[in-house]
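Student: Structure for the following, please:
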Amino acid sequence: MNLDVDFIRTQYPVFQNPDTARWAMFENAGGSYVPRQVIDRLHDFFRYTKVQPYGLFDSSVVAGEAMEAGYRAMAGLLNCDPDALTLGPSTTMNFYVLAQAIRPLLEPGDEIVVTNQDHEANIGCWRRLEEFGAVIKEWQIDPQSGELDIEKLKELVTEKTKLVCFTLCSNIVGTMNDYPAICEIAHAVDALAIGDGVSFAPHRVLDVNSSGLDIYCFSTYKTFGTHIGVMWGRQEVLDQLEPQGHYFNTDLPHYKFNPAGPLHAEIAALAGIEEYVETVYHHHFEQSHHDFHTHACKVFDLFAEHETVQANRVLEAIKAIPGARIIGQDKAEMGSRAATISLTLDGVECSDAVKFLVKKEIALRNGHFYALRCLEALGIEDREEGIIRISLVHYNSEQEIDRLLEGLSGL
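Tutor: Okay, here's the model as predicted:
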């Protein structure tokens with residue numbers, strides 16, 4: 001079964017507006033478009049229920065119910081209990097708060113493994129714990145491929161290792177890392193496995209309970225929703241951590257690790273992601289299951305199949321450009337590479353290439369994308385120029401890819 005991209009695009013108002021539909025959007029890793037189901041819920045919340053939720057009067061009751069629907073939607077997506085979720089303002093903030101919650105458990109000399117492949121959100125917050133005596137050990141990428149070698153992780157991990165922090169998918173390299181194997185290595189020394197799924201979640205659905213992870217974070221503004229950071233943790237792990245919310249809220253699961261409190265409307269709108277995925281599911285499949293997670297897995301399988309085909313078209317076109325360097329794997333396969341493709345061109349400034357493509361109404365960007373350590377390890381020294389990043393998701397049509405390929409042929 002092929003993904004019906006024409007149907008998909010009818011769900012997005014941005015494709016119905018001539019001023020925005022003219023752009024072929026390939027900056028999706030920076031933030032995805034939003035379907036009507038999410039927009040409608042956000043609009044309704046602001047229009048009818050913009051009050052403090054969970055009160056006794058009607059609009060407050062409805063507001064609370066709308067927020068609970070948002071929590072249930074994210075829990076259903078991940079196949080977990082809603083009480084295991086913290087929905088904060090961003091993944092970067094969730095990681096920062098998480099680091100403060102874990103800090104009291106660490107003793108001087110305890111080791112934290114980080115990579116130099118990650119977005120800075122899952123590096124900087126842990127490196128800051130050096131001032132409290134933590135020892136930071138860096139799992140380094142191959143300077144040519146950008147890949148992480150599992151064998152090198154085994155050499156880094158010791159009995160003193162308490163945390164292994166890594167990305168499930170690099171926002172530069174595009175590789176989907178072997179998270180079950182990484183978690184197994186961490187757990188062999190009783191360390192926690194902490195995964196950044198921001199660049200993974202737009203392409204695949206994770207069952208957190210069987211993932212091996214202890215903490216998993218991703219951002220819903222990268223997954224067709226509002227600007228929210230989702231943090232899931234195993235309950236036995238969360239119970240050990242120091243609460244970071246107000247002292248009188250420490251027994252409230254959604255507030256325990258959320259110092260600022262939840263963003264009401266943005267959380268309520270997340271129920272629209274479930275509605276969108278269910279709409280796509282029932283358009284493509286006749287059989288109905290009883291849980292949202294199963295439907296989401298099947299829908300995201302369709303997404304991944306479409307993205308993989310289109311990513312390979314782009315990769316082949318880049319390989320035909322003289323002097324092009326593809327960061328990471330030069331062939332896409334489901335489960336091993338996301339449709340996030342980074343490149344440089346010999347003798348051509350990345351910004352000049354982007355300007356050329358933008359003039360053709362092809363939307364993308366260049367830079368370091370908050371993964372500066374990764375670029376430095378790859379030998380890319382100019383942080384402003386960085387790399388050119390092309391990021392596809394499921395709503396990108398074959399016609400948009402055609403336009404992109406034509407543009408790339410002119411570089």
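Student: residues in contact with the residue nearest to E333 when sequence neighbours are not counted?
Tutor: Spatial nearest neighbour of E333, chain neighbours left out: T308 (6.7 Å); criterion: C-beta to C-beta, 6 or more residues apart in numbering. C-betas here are computed from N, CA, C, even on glycine. Going by C-beta atoms under 8 Å, 6 or more residues apart in numbering, T308 touches 332-334, 337, 339.
Student: Kindly report the same for D291.
Tutor: D291 neighbours (C-beta under 8 Å, 6+ apart): 76, 79.
Student: try 10 Å
Tutor: 76, 79, 297 (C-beta atoms under 10 Å, 6 or more residues apart in numbering).
Student: Now the helix or strand harbouring the residue nearest to E333: average pLDDT?
Tutor: Assigned by DSSP states H and E, T308 falls within helix 292-319. The average pLDDT within helix 292-319 is 98.
Student: cool, stretch 61-73 as well?
Tutor: 98.
Student: before we move on, back to that, if I look at the residue nearest to E333, how far off is M176?
Tutor: 11 Å (C-beta to C-beta, to the nearest Å).
Student: Now list whatever residues contact both of those two.
Tutor: Counting by C-beta under 10 Å, 6+ apart, the contacts common to T308 and M176 are 203, 333-338.
Student: Which pair in these has the greatest spatial separation?
Tutor: H203 and E333 (12.3 Å; C-beta to C-beta).
Student: Of these two, give the one with the bigger neighbour count.
Tutor: In this view H203 and E333 are compared by other C-beta atoms under 10 Å, and H203 has more residues nearby, 27 against 12.
Student: And the more buried one, how far from L168?
Tutor: From H203 to L168 the distance is 10 Å (C-beta to C-beta).
Student: Now for the two: what residues contact both?
Tutor: 176, 338.
Student: how many neighbours does Q144 have?
Tutor: Q144, neighbours per other C-beta under 10 Å, totals 10.
Student: which non-adjacent residue is nearest it?
Tutor: L378 is the one closest to Q144 (C-beta to C-beta, 6+ apart), at 7.9 Å.
Student: wait, that neighbour sits on I326?
Tutor: No. Taking contacts as C-beta atoms under 10 Å, L378 lies outside contact range of I326: 11.5 Å.
Student: More neighbours: which of these two?
Tutor: Between L378 and I326, L378 has the larger neighbour count (other C-beta under 10 Å), namely 25 against 20.
Student: Angles on the backbone of the more buried one, please.
Tutor: Per-residue torsions, L378: phi -80, psi 0 (degrees, to the nearest 10).
Student: could you list every residue that touches it?
Tutor: Contacts of L378 (C-beta under 10 Å, 6+ apart): 116-117, 141-146, 172-173, 325, 327-328, 342, 344, 371, 387.
Student: Just the buried residues of the residues you listed.
Tutor: Neighbour-count burial (16 or more other C-beta atoms under 10 Å) applied to these gives 116-117, 141, 145-146, 172-173, 325, 327-328, 342, 344, 371, 387.
Student: Let me have these in a markdown table, extended by pLDDT and distance to V14.
Tutor: Listed next are the buried ones among the contacts of L378 as a markdown table, based on pLDDT from 0 to 100; distance: C-beta to C-beta, whole Å:
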| residue | pLDDT | distance to V14 |
| --- | --- | --- |
| N116 | 98 | 35 |
| Q117 | 98 | 31 |
| I141 | 98 | 35 |
| S145 | 96 | 35 |
| G146 | 98 | 32 |
| I172 | 98 | 26 |
| V173 | 98 | 28 |
| R325 | 98 | 32 |
| I327 | 98 | 28 |
| G328 | 97 | 29 |
| S342 | 98 | 24 |
| T344 | 98 | 30 |
| A371 | 98 | 27 |
| I387 | 98 | 26 |
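Student: on that earlier part again, wait, which of the contacts of D291 is closest to T158?
Tutor: N79 (32.8 Å).
Student: For the closest one, report the pLDDT, please.
Tutor: For N79, the pLDDT comes out at 98.
Student: Name the nearest residue to it, sequence neighbours excluded.
Tutor: Closest to N79 by C-beta to C-beta, 6+ apart is H293, at 4.2 Å.
Student: residues contacting that neighbour?
Tutor: Counted by C-beta under 10 Å, 6+ apart, H293 has contacts 75-80, 205-207.
Student: Which strands border the helix or strand hosting M231, and is each parallel or antiparallel?
Tutor: Element membership of M231, judged by DSSP H and E, is strand 229-233. If you go by DSSP bridges, strand 229-233 pairs up with strand 85-88 (antiparallel), strand 215-219 (antiparallel).
Student: Tabulate those strands (a markdown table), appending mean pLDDT.
Tutor: Formatted as a markdown table, the strands paired with strand 229-233 follow (pLDDT from 0 to 100):
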| stretch | mean pLDDT |
| --- | --- |
| strand 85-88 | 98 |
| strand 215-219 | 98 |
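Student: got those strands as JSON lines, with distance to R234 columns?
Tutor: As requested, those are arranged in JSON lines below (distance: least, C-beta to C-beta, whole Å):
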{"stretch": "strand 85-88", "distance to R234": "12"}
{"stretch": "strand 215-219", "distance to R234": "8"}
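Student: Can you tell me which of these is nearest to D44?
Tutor: strand 85-88 (18.6 Å).
Student: So what touches that closest one?
Tutor: By C-beta under 10 Å, 6+ apart, strand 85-88 touches 67, 70-72, 74-75, 78, 94-98, 101, 208, 217, 220, 228-233, 238, 244-245, 253-263, 266-267, 270.
Student: repeat that with 7 Å
Tutor: Contacts with strand 85-88, where a contact means C-beta atoms under 7 Å, 6 or more residues apart in numbering, come from 71, 74-75, 94, 97, 228-232, 254, 257-258, 262, 267.
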